[in-house]
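# Sequence and predicted structure below; questions after.
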Number of protein chains: 2
Amino acid sequence: MTTGKTAARRASKAREMVLDGLRQAQAFRSAQSLHMELRAAGHAIGLATVYRNLQILAEDALVDQVRVEGAEALYRVCAQDGHHHHVICRSCGRSAAVTGPDFEVWADRVATQAGYSEVRHSLEISGICRQCADAQAAP
Amino acid sequence: MTTGKTAARRASKAREMVLDGLRQAQAFRSAQSLHMELRAAGHAIGLATVYRNLQILAEDALVDQVRVEGAEALYRVCAQDGHHHHVICRSCGRSAAVTGPDFEVWADRVATQAGYSEVRHSLEISGICRQCADAQAAP
DNA sequence: GTAGACACGCGAACGATTATCATTTCGCAA
DNA sequence: TTGCGAAATGATAATCGTTCGCGTGTCTAC
């Protein structure tokens, strides 16, 4: 990697499928569940391939990748560009976008003040969405 | 201390060791490296026990637990006061505490407004500390 | 048409964490 | 002090998500 040469990202049916499967979902999906669905739909795609392409797509900023505490990584088609965050339902994966006013700036500033460079931040907000909460309350 | 309830927490040599090992570190430690060190120091402690006690200590708010993107969980003795965050050096693990403004409140509010309950959040800020940056710049 | 990349699918490997379980140790009270 | 039951322990197996290795397939460029 880092050859500097054109990435030579070749067209790929598998990548197409992964992206498509992600597009059809309203919520964040895990690599595994996406794989299962694709298999169920009759596509002979390998789990490793799903992971591979998910990574590639995340690299190309075509999908968002988040990690909920200690659980699996979740992916979703990137709605918009620019930095934004989500509230993710821990139960169903549905998410809502939230925008913090000066949060980004603040994070960067305090880290820089502390003497840190190449500052990165990751903010995850999770909860139980109303539908799931209702479903749990009334079994 | 305050053994009022059904004191489900008993004194434990292992927990003492874990806490001690953590105290001696200036930076965040992983469960595994802590275990290795304790073994190297001659203590016959099991890996599972390290994990167990780390969890217990985190529960009791005696240690901070963070998860850097996709890597292992890192632990550190808790400085003190309530909720706070850290900037962690991605290179050496050293960290600095940062205090956010009304970040906690904000996160909770936007999530609640979006209809989410049982809101949890996790904020990680990472960077390269000055020493590591210097070391990298002039090898 | 052929060579060489790149991508694929499969299954095994991997690393972090957790569960299991027989045994030890602690806290409390007799 | 001694005894008892509950909690803690350590070794190991198991789990789970993710990645690697490898032989094969497929597309591009020549």
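Cool, got the structure.
# going forward, measure contacts and count neighbours with C-alpha atoms only.
OK.
# Centre of the chain to the helix or strand harbouring A:Val87, how far?
Counting by DSSP states H and E, the element that carries A:Val87 is strand A:85-89. The gap between where strand A:85-89 is centred and where its chain is centred comes out at 10 Å by Cα atoms, centre = their mean, to the nearest Å.
# who does it touch, helix- and strand-wise?
Here strand A:85-89 touches strand A:95-98, strand A:117-128, going by 3 or more Cα pairs under 8 Å, 6 or more residues apart in numbering or on different chains; DSSP states H and E.
# give me that answer again for 10 Å
strand A:63-67, strand A:95-98, strand A:117-128, helix A:130-137, helix B:103-113, strand B:117-128 (3 or more Cα pairs under 10 Å, 6 or more residues apart in numbering or on different chains; DSSP states H and E).
# DNA strand C: which of those is closest?
Among the helices and strands packed on strand A:85-89, the nearest to DNA strand C by Cα to the nearest atom of the strand is strand A:63-67 (13.2 Å).
# Does the closest one reach chain B?
Yes - against chain B, strand A:63-67 shows contacts by Cα under 10 Å from any Cα of the partner chain at A:66-67.
# That strand pairs with which strands, and in what direction?
Strand pairing for strand A:63-67, using DSSP bridges, gives strand A:73-77 (antiparallel).
# I'd like the mean pLDDT over the strand it pairs with, please.
Throughout strand A:73-77, pLDDT has a mean value of 89.
# Could I have the CA atoms of it written out in PDB?
Coordinates of each C-alpha in strand A:73-77 appear next as PDB, following Å, rounded to 0.1, in the frame of the first residue of the first chain:
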ATOM      1  CA  ALA A  73     -18.500  -2.400  13.800                       C
ATOM      2  CA  LEU A  74     -21.600  -0.900  12.100                       C
ATOM      3  CA  TYR A  75     -21.800   0.500   8.600                       C
ATOM      4  CA  ARG A  76     -24.100   2.800   6.800                       C
ATOM      5  CA  VAL A  77     -24.100   4.600   3.500                       C
END
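# Check chain A for the residue nearest DNA strand C and tell me.
Using Cα to the nearest atom of the strand, the single residue of chain A nearest to DNA strand C is A:Ile45, 3.0 Å away.
# rewinding a little: so what are the sheet partners of the strand holding A:Val87 and their directions?
strand A:95-98 (antiparallel), strand A:117-128 (parallel).
# Can you show me the CA trace of the shortest one as CSV?
Think strand A:95-98. Only the C-alpha atoms of strand A:95-98 are listed here, as CSV (Å, rounded to 0.1, in the frame of the first residue of the first chain):
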residue,chain,number,x,y,z
SER,A,95,-30.1,6.2,13.9
ALA,A,96,-30.7,9.8,13.9
ALA,A,97,-28.2,12.4,12.9
VAL,A,98,-27.2,15.0,15.4
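# buried sites along that strand?
A:95-96 (16 or more other Cα atoms under 10 Å in any protein chain shown).
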